[in-house]
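Engineer: structure, please.
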Amino acid sequence: MENIEDLFVEGTIKLAKKEYDSALEIFNRILAQEPNHVKALVARATIYMHKEDLESAERDFNKVISLEPKNARHYFRLGQVFYKKKDLDRAWELFTQAIDLDPMYPAAYLARSQVLRDKGLEEAADLELNKAVAVHRELTIANKIIDFA
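Structural biologist: Numbers count the residues shown, from 1 in each chain. Prediction:
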């Protein structure tokens, strides 16, 4: 039995180098040993997205959400899959779920802005963009306060 954490580090390095096939093989080995390894599922779904295998990415992100239903990032990433699939309504729903779980998630507001822009709703898109900027500004201020505390 291989050490899962060592394998994960190796797979992550391959993923960072965009060696998708090698990384995929490593994450598949991890998941063969530990099918609910969330970080390996997320990494594999990310590879599938890069390879445009959106059905497989969707499957992995759905499993991740079933394992960690309170993690906003997972909904955001699944929303990205649906955005790539051009299912703007489902993408919007998932980006909104991410915001509902984490109202201070600027990337989710930015993604919703893009969905609205793609639908031709420029004014609404600008409002979402303004929310993204405001949230980012608040996070920056909060981080500065924490750094000096």
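
Engineer: what residues go with each domain of this structure?
Structural biologist: 1-68, 70-149 (automatic domain parsing).

Engineer: would a markdown table of those with mean neighbour count and mean pLDDT be doable?
Structural biologist: C-beta here means a position set from N, CA and C on the backbone, and glycine is covered the same way. Below are these laid out as a markdown table (neighbours: other Cβ atoms under 10 Å; pLDDT from 0 to 100):
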| stretch | mean neighbour count | mean pLDDT |
| --- | --- | --- |
| domain 1-68 | 17 | 95 |
| domain 70-149 | 17 | 90 |
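
Engineer: what packs against the longest helix seen in the chain?
Structural biologist: Using DSSP state H to define each element, the chain has its longest helix at helix 122-148. Contacting helix 122-148 under the criterion 3 or more Cβ pairs under 8 Å, 6 or more residues apart in numbering; DSSP states H and E are the following elements: helix 106-118.

Engineer: contacting residues around the helix it packs on?
Structural biologist: Here helix 106-118 makes contact (Cβ atoms under 8 Å, 6 or more residues apart in numbering) with 72, 76, 79-80, 83, 88, 91-92, 95-96, 98-99, 102, 122, 124-126, 128-129, 131-133, 135-136, 139.

Engineer: only alpha carbons, please: show it as PDB.
Structural biologist: The C-alpha coordinates for helix 106-118 follow below in PDB (Å, rounded to 0.1, in the frame of the first residue of the first chain):
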ATOM      1  CA  PRO A 106     -15.400  37.600  -4.300                       C
ATOM      2  CA  ALA A 107     -14.800  35.100  -7.000                       C
ATOM      3  CA  ALA A 108     -18.300  33.800  -6.800                       C
ATOM      4  CA  TYR A 109     -19.700  37.400  -7.300                       C
ATOM      5  CA  LEU A 110     -17.300  37.800 -10.200                       C
ATOM      6  CA  ALA A 111     -18.500  34.600 -11.800                       C
ATOM      7  CA  ARG A 112     -22.200  35.700 -11.400                       C
ATOM      8  CA  SER A 113     -21.200  38.900 -13.000                       C
ATOM      9  CA  GLN A 114     -19.900  37.000 -16.000                       C
ATOM     10  CA  VAL A 115     -23.100  34.900 -16.200                       C
ATOM     11  CA  LEU A 116     -25.200  38.000 -16.300                       C
ATOM     12  CA  ARG A 117     -22.900  39.600 -18.900                       C
ATOM     13  CA  ASP A 118     -23.200  36.400 -21.100                       C
END
